[in-house]
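Asks: Mind looking at a prediction? Sequence and model below.
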Amino acid sequence: MKFLLVASFASSLIGFRKPLIVALLERGLEVHVAAPELLDNQVVMTELTRLGVISHSISMQRTGINPVADTQALISLYALMRKIKPDYMMGYTIKPVIYGTLAAWLARVPKRFALITGLGFAFTGEDDNKRKRVRAVAQGLYRSALRHCQVVFFQNHDDEALFRQLNIVSSKTRTCVVSGSGVDVEEFDVVPFDTQKPLRFLLIARLLGDKGVREYNQAAQQVKKLYPEVQFDLVGGLDANPTSITQAELDEWIKADTVNFLGRLNDVRPAIQASSVYVLPSYREGTPRTVLEAMAMGRAIITTDAPGCRETVVDGDNGFLVPVKDVDALAQAMLRFIEQPALIAQMGRRARIIAEEKYDVHKVNAHMISEMELE
């Protein structure tokens, strides 16, 4: 039996889906993976080959709406599926979900699954004209594709409810909510933070407006007026997304010494280890993987009372929830940790327990495999 997993970004196959791939292999499935320029990514290919996975490059642009390029993606996926004849197919992120599912239906792949890991630009942020146009197109394409799925997986109940409300997923389609992508609680083990050094807040994200990066910088400015010794680390890179911050903005933040910019990191664990509190002021998520990693390493969390984010934090237990785009509330939550430092270790312990009980990647994958009837 063959299982095909389709991604829009090659590195995510190892960074986010490796435990799922291993679980599928352990159940005796022949696992194929497909992503743009996958065969050119030597780091990812080395690991996939070691695992015994069969890899394929496909034609697909990760972002943007280009009818010609998107049609090429559909054709590329259809040709691949006709060639390898998988018994099961799953796509995750918007284009693999849409074009992967449609190609699988056309190629008569028996079992088709979709994993909605977040709603992205079209469904996040303010309703400007561009976002409305993109949303209308995305809704139509999602609706056409998801009606051909046996199961549509969501990472939070808000996204599932929205897709039902907008009739993107019909009442006839089976849906399942899982606890994000999960986190390997052995790989991301608890590391105590240094209580003798000034507090360090940390944000790891693509540098997008919708991730709350600007609010993080503005809250840091407020806090540094009172506590100039406190550090604000920022990990990530600029992106092609329409809401990406500019290089000029980033340069200004660095010059003002508001944030300590660490760039992109292949391994975020040293940054989490160096931090005291993890912060994600995002406008909307599926379930934020970086929050789960920080929780597993015993870090208290500040995040927003937004879909996907609110699931990870019990306010006042393992961290604090703040309103979306509320810089003052974000700064006040930071100040509570600075002025009541005992909360950091207390809430960090609770974060680790929640990560173990709810977000262990092996529990999450077992749930998905059960729903796909692959035991």
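Replies: Thanks, I have the structure now.
Asks: where along this protein do the strands fall?
Replies: Here the chain has its strands, by DSSP state E, at 2-6, 30-36, 54-58, 88-92, 111-116, 151-154, 174-177, 200-204, 231-235, 260-263, 277-280, 300-304, 319-322.
Asks: And the contacts of the fifth one?
Replies: Counting by Cβ atoms under 8 Å, 6 or more residues apart in numbering, strand 111-116 makes contact with 87-92, 97, 101, 104-105, 145-146, 148-155, 159, 163, 286, 368, 372, all of which sit outside it. (Each C-beta comes from the backbone N, C-alpha and C, glycine too.)
Asks: avg pLDDT for it?
Replies: Averaging pLDDT along strand 111-116 yields 97.
Asks: Repeat that for the third one.
Replies: Predicted confidence along strand 54-58 averages 97 (mean pLDDT).
Asks: which parts of that strand are buried?
Replies: Ser55, His56, Ser57, Ile58 (16 or more other Cβ atoms under 10 Å).
Asks: Quick one, which of the contacts of strand 111-116 are buried?
Replies: Neighbour counting by 16+ other Cβ under 10 Å classes 88-92, 97, 101, 104-105, 145-146, 149, 151-155, 159, 163, 286, 368, 372 among the contacts of strand 111-116 as buried.
Asks: Grab the nearest non-local neighbour of Thr101.
Replies: Of all residues beyond its chain neighbours, the one nearest Thr101 is Ala145 (4.1 Å), with distances taken as Cβ to Cβ, 6 or more residues apart in numbering.
Asks: In contact with that neighbour: list those residues for me.
Replies: Neighbours of Ala145 in contact, by Cβ under 8 Å, 6+ apart: Val97, Ile98, Tyr99, Thr101, Leu102, Ala114.
Asks: ok, residues contacting stretch 352-366?
Replies: By Cβ under 8 Å, 6+ apart, stretch 352-366 touches 19-20, 23, 178-185, 188, 190, 287, 292, 295-298, 312, 314, 318.
Asks: so of the residues you listed, which ones are in helices?
Replies: Those of the contacts of stretch 352-366 mapping onto helices are Pro19, Leu20, Ala23, Leu292, Met295, Ala296, per DSSP state H.
Asks: Can you name the two of those that sit furthest apart?
Replies: Across these, the two members that end up farthest from each other (Cβ to Cβ) are Ala23 and Met295, 21.7 Å apart.
Asks: the more surrounded of the two?
Replies: Taking neighbours as other Cβ atoms under 10 Å, Ala23 and Met295 compare with Met295 leading, 31 against 20.
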